[in-house]
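> kindly generate the corresponding structure for this input.
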Amino acid sequence: MALGWLVVVWTLLWGDITWANLVGGLLVGGAVLVFFPLPAVSFGGRLRPRALLAFAGRFVIELVNASLHIAWIAVQPGYRPRGAIIAVRLRIATDLNLALTAEAVSLVPGTLILEIDRDSGTLYLHVLDTHDRADLDVAREHALAVERRIVRAVGSNAELRRLDVTPPGRETRP
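Okay, here's the model as predicted:
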């Protein structure tokens, strides 16, 4: 599967579909996969369509609201928003959960993933337009809510139990 996508990208980069480009893509893609193997990502969860739909719907709502907020900031003359960097320790520190939560949080305007500490399961976020500590707490709770929705949509039963048992406030404060 990965080899196929690498061949497609190679062909698109050359801009022409020829036998030489396809063979070259196979050779280059094969070399990339041999010398730079992808780490194995295990998926022990199960797909829950209702929770996935709820996640997608909520994500679209947050995307629209954040876009409108950023647009409002952009059109205010002389307004300079303050940013902050916060650390959020996720409750489920699997590679898949870290990646999905980081992507979902980062795709919403106004937040950006700066770093991920894989060992501790911590996301370091840059948050735009923060005025006080309450705004930081809201941003932290938002990231944890995204994690909760993702785990409910694609997590295993054990991850769901850990999510419900983990006490709030485990995250790291700035």
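
> show me where pLDDT drops low in the chain?
For the chain, applying pLDDT under 70 flags the ranges 41-42, 166-174.

> so where's the longest helix in it?
The single longest helix within the chain, with elements called by DSSP state H, is helix 49-75.

> sec struct for the spatially most central residue of the chain, please.
Residue closest to the average C-alpha location in the chain (Cα atoms, centre = their mean): residue 103, at 1.5 Å. Assigned by DSSP: H, G, I helix; E, B strand; the rest coil, the conformation of residue 103 is helix.

> now do the strands in this structure.
In the chain, the segments counted as strands under DSSP state E are 83-89, 111-117, 122-128.

> closest one to residue 75 among those?
strand 122-128 (15.0 Å; Cβ to Cβ). C-betas here are computed from N, CA, C, even on glycine.

> could you list the domains of this protein?
In terms of domains, the chain is parsed into 2-35, 49-165 (source: automatic domain parsing).

> could those go into CSV alongside distance to residue 43?
What follows is the domains of the chain, written out as CSV (distance: least, Cβ to Cβ, whole Å):
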stretch, distance to residue 43
domain 2-35, 16
domain 49-165, 6
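
> return the most buried member of those domains.
Stretch with highest mean neighbour count among the domains of the chain: domain 49-165 (a mean of 16; mean count of other Cβ atoms under 10 Å).

> between the strands of the chain, which gets nearest to residue 161?
Nearest to residue 161 among these is strand 83-89; the distance by Cβ to Cβ comes to 18.4 Å.

> the closest one packs against which elements?
strand 122-128, helix 133-154 (3 or more Cβ pairs under 8 Å, 6 or more residues apart in numbering; DSSP states H and E).

> among these, which is nearest residue 10?
Among the helices and strands packed on strand 83-89, the nearest to residue 10 by Cβ to Cβ is helix 133-154 (30.9 Å).

> residues in contact with that closest one?
The contact list for helix 133-154, computed with Cβ atoms under 8 Å, 6 or more residues apart in numbering, reads 43, 45-48, 51-52, 54-55, 58, 62, 84, 86, 88, 90-92, 96-97, 100-101, 104-105, 111, 123, 125, 127, 129-130, 159-160, 163, 171, 174.

> tell me how far the residue nearest to the centre of the chain lies from residue 13.
Residue 103 is 24 Å from residue 13, where distance means Cβ to Cβ, to the nearest Å.

> do the same with residue 29
12 Å.
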